[in-house]
Each structure stands twice: as structure tokens, then as C-alpha cells.
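Undergrad: Make a model of this:
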Amino acid sequence: MLKISGKTIIKLNVNGENKEVVAKPSDILLNTLRDELGLTGAKPGCENGDCGSCTVLVDGWPIKSCLMLTVEAIGKKIVTVEGLENAPIQKAFVENWGFQCGYCTSGFLMVCHALASIHPNANDHVIEQWLQSNLCRCTGYEEIKNAIKSILSNN
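TA: This is a model prediction of the structure:
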């Protein structure tokens, strides 16, 4: 079992690269990604898990990085929006106008990317369930739904 007290150098796998960061036991992944690694795509919003603007993928699953301690990510594969590298969902968001102000976009991109990977034949009900994890204050939900539907196998 890993014991951490005070500031400790830990190793994280982020966007396919091994990185060393300085973390305290109480540091959240969102702040580590932004402040230690300069990956600012995950956005601080509510910082209590409601909005989803901080969503990243951890071992392929969408996780709200404001709710995960950095030390919990040791040994896991983290992907941020910077690591998508021209994934089909990014083009689909542009083509379907799946963004307005853009603040929530990175979180929605991560959720939709994971949805397409995990449920490539998702129906409307599954899409609705997955999109409930994130909030868009500009109410761009229809465009976001159209974007994810455009890349799923059953469309």
C-alpha cells in the first residue's frame, strides 16, 4: 500500500505519457492536471461533481476530476481532452454546432467519446442517460445529441 504524507512525487500516466507530479494526499486530480501539468482542458465549474466540466477519462471511463484524489489515479490511464487527438467526436461537435460558449465542451467531448467507445450502438435512452452527467448552461443539448448520434454505429 502506498503511503503519502506531505508533498510527494508521484507518477501518473496522462495522455499516454508517464509524468511525475508533486502531490499532497488531499490534492484533487483536476487541480493536478491544470496546475502541475498545464492541461487546462478540464475546467473547474461547480467543483462538487454536478456540472461535469472537469470530466476526464480514467481507464476509459468518464470521471469528474474534481471528485477524484490525484493519488487515486496512480496506476491508471488518464486521458484529457488534450489527448483526444482529433477523435471523431471532435469533428462531430464542430459539424453539428455542439457547443455555444464552450466552457462545458471539453467535459461533453470526454463523455461522448467514452460513450461511443463503450456503447457504439447506443440508442436514444442510453444517450440521454450518459448526457445527464454534464450540464450545459447555454442549453446546447440538441446539438450535442446530434453530434454523438452522428458518430455512433447505429446511425
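
Undergrad: in this structure, which helix has the most residues?
TA: Secondary structure of the chain per DSSP state H: the longest helix is helix 105-118.

Undergrad: Next up, phi/psi of residue 151, please.
TA: Dihedral angles phi and psi of residue 151 (degrees, to the nearest 10) take the values phi -110, psi -10.

Undergrad: Quick check, it in contact with residue 88.
TA: Yes. At 4.7 Å, residue 151 and residue 88 qualify as touching, with contact defined as C-beta atoms under 8 Å. To be clear about C-beta, it is placed using only N, CA and C from the backbone, and glycine gets the same treatment.

Undergrad: who does the residue nearest the centre of the chain bridge with?
TA: Most central in the chain under C-alpha atoms, centre = their mean is residue 56, positioned 2.2 Å from the mean C-alpha point. For residue 56, the beta-bridge partners under DSSP bridges are residue 63.

Undergrad: tell me the contacts of it?
TA: Applying C-beta atoms under 8 Å, 6 or more residues apart in numbering to residue 56 gives the contacts 29, 33, 42, 62, 63, 65, 78, 79, 80, 81, 110.

Undergrad: that older thread, for the longest helix of the chain, buried residues please.
TA: Buried residues in helix 105-118, defined by neighbour count with 16 or more other C-beta atoms under 10 Å: 105, 106, 107, 108, 109, 110, 111, 112, 113, 114, 115, 116.

Undergrad: Just to confirm, what's the three-state secondary structure of the residue lying closest to residue 4 once chain neighbours are set aside?
TA: Nearest residue to residue 4 in three dimensions, chain neighbours excluded: residue 25, at 5.0 Å (C-beta to C-beta, 6 or more residues apart in numbering). Per DSSP: H, G, I helix; E, B strand; the rest coil, the secondary structure class of residue 25 is coil.

Undergrad: per-domain residue ranges of the protein.
TA: Listed domain ranges for the chain are 8-83, 88-151 (source: automatic domain parsing).

Undergrad: will you turn those domains into a markdown table that also has mean pLDDT?
TA: What follows is the domains of the chain, written out as a markdown table (pLDDT from 0 to 100):
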| stretch | mean pLDDT |
| --- | --- |
| domain 8-83 | 97 |
| domain 88-151 | 94 |
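
Undergrad: ok, and what's touching stretch 120-138?
TA: The contact list for stretch 120-138 (C-beta under 8 Å, 6+ apart) reads 45, 50-53, 55, 62, 64, 100-101, 103-104, 107-108, 111-112, 114-116, 119, 141, 144-145, 148-149, 152-154.
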